[in-house]
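Chemist: Compute the structure for the input listed below.
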Amino acid sequence: MHVVSRRYRWAIYGLLVVVIAAGIALFFAMASTTREIRASTTPLLKENIPALHHLADFETALLRHQLALNKYVVASVGRARFEHLEAETAQKMAANFDDVRRDLLQSSQMSSLDTNYRAIIALGPMLEQLMAAAPVDMVQVTKLLADLNVKTNNIATLLAAAKQDIERSVYLVGDMANNGIDRISQLVNLYSVGMLAVALFMMYHVWARFRSENVLAYQAAHDPLTGLAHRGSFERRLKKLGGQPHTVVLGMIDRFERVIGGLGHAFGDRLMQEIAARIKRTAGRYGGEVFRLDGANVAILYKSSGDHPEFQEALSSLQDHMRQPFEFDQHEIFSSMSMGGAQYPRDGAESMLLLQNADAALQAAREAGGDCFVAYSIALNTRAQERLALETQLRHAIERNELELHYQPQQRLADNGLVGFEALVRWRRNGELISPADFIPLAEECGLIVPIGDWVLAEACRQAKIWSLETTHKFVIAVNISPRQFHHPAFLRRVSEILAESMIDPAFIELEITEGIVMRDVEHTIELLTDLRQRGLTLAIDDFGTGYSSLAYLKRFSIDKLKIDQSFVRHLRPNSEDAAIVQAVINLGHHLGLLVIAEGVETVLQRELLHSWGCDEIQGYLYGRPLAADKATHFILDN
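Modeler: Model (predicted):
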């Protein structure tokens, strides 16, 4: 997902600031232009337009006055009527002329207007005198009328000029108003264009934001590596199903951690992506919805019961496709998946209970060796609860002093003497001994084997120190080292601390390590074994023959002893396959300069055969059962 950079964000903020500033500037510009228009149009409304009316009214009154004089001359009206008209028109002219004088006070035409106006006013009485004389002097009357026409025309000309000046100012005001309006229009248009551009940009930004939110919403519901919906989506999906029958299948990729350990996390991510795609493609053909829970764990939701033939076909197809190899460059990876399933509502009416039961079935599939499907049953849940309770109690076993060591004696066949003991941990809970087969695998699984292993080593060293002080026998106590304990980063440091705290000679302690341990990270194992041996410890490979040791590596390991697994000794008889294997191991060990010990010797025949083949030491019920520390002390003294 593309994340908006800080610079881009500041550009958006800057753009918004510009838009706001432009809006404010437009507001003030429009206000200023409005004031200018108002300032220019106010005189137009209050002075110029009334002045035009005044000029028109004065001109009308002037023409009516002229008409009255002419009518009187041509005898259209009598003397009495003339006197009335002359007085009326003169009064109107005087009133209108006062308005014109105020309007044109600063005008250049005012002086001429005033002169001609006064002359015209004086012509009325003069005409009345001439018309009253007998006989009437028509020559003078005609001359007076001609003078009246001249002066009237002069006033009309002056009024026309004044009108033009006023109209010119009106047009100028109109032009100013138009220019202001045009300027406002330009600003509004410019602002509108800018706002359109900003709107388009913001629409793009909002669209990009929506895309980012959609991506975030997708990522919030999906695993970023595989693209599958994650655990939260899976749980919400289960709740939405309501009462619809369905089956939940939890799966774990078998031995996935080995891929990461051998090829790295980047390769593991690529493999997980391919596995997820294959699971989604295969499960989708049968309507399955796939979710990634965490790590190498997935969940598949089928909208059918676990008893349906199509469901069984879906599981079979999924297992077949998972067994097909994954190819990456020069690597070919074979994988499989352990699966556990639970049905709704038979195996759980609530989603959390259904998941819990499916997980119990998954754990059963893993314990069965993987690459299989286990359907949930009540017995599985009971077992899971018992294991959980056992794990809880096991975590308190050390602090409650519930752990104890038993010591099984080992015999040297050359002189039938005591070689030493193997320290075997026991758990006494509520007065009863818990079989190591019940709690050692659990301790290994949950990581408690590391502190338990440290306790066993410390207790064995403490007991060896006591026996070294109480007896004169030279013997060795063998201590089993678990895979998790051996590969723990603090293993070497912890061994050194225990040896120092107990002040025991390291020659009294033998560390037994299985084949599987030494063949993991061989080079590191060689370095670690060399370091342990240099500290004076004796080293042995336990359960030899059951693993996959490479003879090429075996000769490089700093070890002192091979321990033949009891599975080859339990049914040992002459001329059998077990006899051939045991003889081969003895010969191999002797050729490598190693001692060989066989465990599980329970009969005289087994002992005699081993002795005849040159086996160095034996361990088993024939020579001695595991003993508590006090009884082991008596055993030492008796031998």
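
Chemist: mind listing what's buried in the helix or strand harbouring Glu274?
Modeler: Using DSSP states H and E, Glu274 sits within helix 265-284. For helix 265-284, the neighbour count (16 or more other CB atoms under 10 Å) marks 267-268, 270-272, 274-276, 278-280, 282-283 as buried. Bear in mind the C-beta positions are built from the backbone N, C-alpha and C, glycine included.

Chemist: Dump these into a markdown table; add distance to Glu213 and pLDDT as well.
Modeler: As requested, the buried residues of helix 265-284 are exported to a markdown table (distance: CB to CB, whole Å; pLDDT from 0 to 100):
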| residue | distance to Glu213 | pLDDT |
| --- | --- | --- |
| Phe267 | 34 | 83 |
| Gly268 | 31 | 84 |
| Arg270 | 30 | 87 |
| Leu271 | 32 | 86 |
| Met272 | 28 | 88 |
| Glu274 | 30 | 90 |
| Ile275 | 30 | 90 |
| Ala276 | 25 | 90 |
| Arg278 | 31 | 91 |
| Ile279 | 29 | 91 |
| Lys280 | 25 | 91 |
| Thr282 | 33 | 91 |
| Ala283 | 30 | 90 |
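
Chemist: just curious, which of those residues is nearest to Leu354?
Modeler: Proximity of the buried residues of helix 265-284 to Leu354 (CB to CB) peaks at Ala283, which lies at 17.9 Å.

Chemist: so the closest one makes contact with Ala314?
Modeler: Yes: with contact defined as CB atoms under 8 Å, Ala283 reaches Ala314; the gap is 6.7 Å.

Chemist: contact partners of stretch 612-628?
Modeler: For stretch 612-628, contacts defined as CB atoms under 8 Å, 6 or more residues apart in numbering pick out 404, 406-414, 419, 422, 424, 426, 564, 566, 569, 582-583, 586-587, 590, 595-604, 606-607, 610, 635.

Chemist: For ChimeraX, write the selection for the buried entries among these.
Modeler: In ChimeraX syntax, the buried subset of the contacts of stretch 612-628 is picked out as below (16+ other CB under 10 Å):
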select :406,407,408,409,410,411,413,419,422,424,426,564,566,569,582,583,586,595,596,597,598,599,600,601,606,607,610,635
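
Chemist: now, which of the contacts of stretch 612-628 lie within helices?
Modeler: Residues of the contacts of stretch 612-628 located in helices (DSSP state H): Val582, Gln583, Ile586, Asn587, His590, Val604, Gln606, Arg607, Leu610, Phe635.

Chemist: residue contacts, the closest residue in space to the first one that isn't next to it in sequence?
Modeler: The shortest distance from Val582 to any residue other than its chain neighbours is 5.4 Å, reached at Phe568 (CB to CB, 6 or more residues apart in numbering). Taking CB under 8 Å, 6+ apart as the definition of contact, the neighbours of Phe568 are Gly545, Asp578, Ile581, Val582, Val585, Ala598.

Chemist: Is it possible to get those out as CSV so that each row also shows pLDDT?
Modeler: Listed next are the contacts of Phe568 as CSV, based on pLDDT from 0 to 100:
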residue, pLDDT
Gly545, 64
Asp578, 90
Ile581, 91
Val582, 93
Val585, 91
Ala598, 95
